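Q: Next input, structure requested:
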Amino acid sequence: MFEILEQFNIWAAVDILIIAFIIYHILLLIRGTRAAQMLTGILIVIATFLLSSIVPLTTLNWVMNKFYSSFIIIIIILFQDDIRHVLSRMGKKSFIQGSDNLSSSQILDEITRAAAALATKRIGALIVLERNIILSRYVEVGTLLDARVSKELLLSLFHPSSPVHDGAAIIQRGRISAAGCFLPLTRDENLDPNWGTRHRAAIGISQETDAIVVLVSEEGASISLVVDGKVSRRMDPKDLRKSLTELLAEVKDLGDRSGSLEAKAGNLFRFFKTGGDKP
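A: Predicted structure coming up:
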């Protein structure tokens, strides 16, 4: 123990901080991808492999050794889209996706007013709000817009005469990124038989990601909120506005904490890089 402490010096501290800095930013890069969701499972596999090496579990150790040799290849195949997305983000200025714009009062007002107007006119709609898990894979298959969120634009997008009215509008970082987007359908068979493709798509995207979906049913002239595969039906505009505020406030708090941690890590890195001089 004392030998280790004797060997610990300023460069050992710098070495540890650099490794911690790299690991932290790797976690930030995979945040918002399926890899982040699978991280727990990957850690369990690694822990099982280590356990089989320590404890005399011969059969388990043999199985894990066979599996471990192909582990990296399996990861690359399963997450090739996410790896490409992560690499494309590495050159960007910030690793944190802001959510301040998305949770602004004006934008939520516009979404609520649009949903109420669509329900009154009996026009079906799917409005998807991105939270932590990035929805770029679904944006890319739609019609790119990058437009300001407004009631009038949402009404025009979902009007029956619009060429993109059948798909979903996806909102990222406070702007409408795309419209006419196709969403994954849920495989849950225990659903209301009266629900159609729009309901199944809303449930599907909320099961695969942490997105919030505002669903307007043209048959029932009603508004539903779909989160984590659960449908809150027949919401009035006031309840919808309140629920959206509460759900997006959680994302804002998480973003603020992550940004604070990143700033602290960056300050430490610059401190050692400049030899301990204060910036």
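Q: Would you state the helices of the stretch 51-200 of the chain in chain order?
A: For the stretch 51-200 of the chain, helices defined by DSSP state H, counting those that start in this stretch occupy the ranges 58-68, 71-78, 80-89, 105-120, 136-139, 151-158, 197-208.
Q: got the CA coordinates for the fifth one in PDB?
A: Put plainly, it is helix 136-139. Output of helix 136-139 as PDB, limited to C-alpha atoms (Å, rounded to 0.1, in the frame of the first residue of the first chain):
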ATOM      1  CA  SER A 136     -31.900  11.000 -36.100                       C
ATOM      2  CA  ARG A 137     -32.400   7.500 -37.600                       C
ATOM      3  CA  TYR A 138     -36.200   8.400 -37.900                       C
ATOM      4  CA  VAL A 139     -35.600  11.900 -39.000                       C
END
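Q: got any ranges where the chain has weak pLDDT?
A: In the predicted model, the chain carries pLDDT under 70 at residues 1-8, 25-26, 28-38, 68-69, 78-103, 250-279.
Q: change it to 90
A: Along the chain, segments meeting pLDDT under 90 span 1-105, 131-137, 140-141, 173, 187-196, 207-210, 218-221, 234, 248-279.
Q: Make JSON lines out of the helices of the stretch 51-200 of the chain and add distance to W11.
A: All C-beta spots, glycine's among them, are computed from the backbone N, C-alpha and C. Shown next, in JSON lines, are the helices of the stretch 51-200 of the chain (distance: least, C-beta to C-beta, whole Å):
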{"stretch": "helix 58-68", "distance to W11": "33"}
{"stretch": "helix 71-78", "distance to W11": "31"}
{"stretch": "helix 80-89", "distance to W11": "30"}
{"stretch": "helix 105-120", "distance to W11": "49"}
{"stretch": "helix 136-139", "distance to W11": "40"}
{"stretch": "helix 151-158", "distance to W11": "56"}
{"stretch": "helix 197-208", "distance to W11": "45"}
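Q: can I get the ones you listed in TSV with mean neighbour count and distance to F49?
A: Listed next are the helices of the stretch 51-200 of the chain as TSV, based on neighbours: other C-beta atoms under 10 Å; distance: least, C-beta to C-beta, whole Å:
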stretch	mean neighbour count	distance to F49
helix 58-68	13	5
helix 71-78	11	9
helix 80-89	15	22
helix 105-120	19	46
helix 136-139	19	30
helix 151-158	19	50
helix 197-208	21	28
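Q: Contacts only, for the residue lying closest to D188 once chain neighbours are set aside.
A: Counting by C-beta to C-beta, 6 or more residues apart in numbering, D188 lies nearest to I203, which is 6.7 Å off, once chain neighbours are set aside. Neighbouring residues of I203 by C-beta atoms under 8 Å, 6 or more residues apart in numbering: 186, 188, 191, 226, 229, 231.
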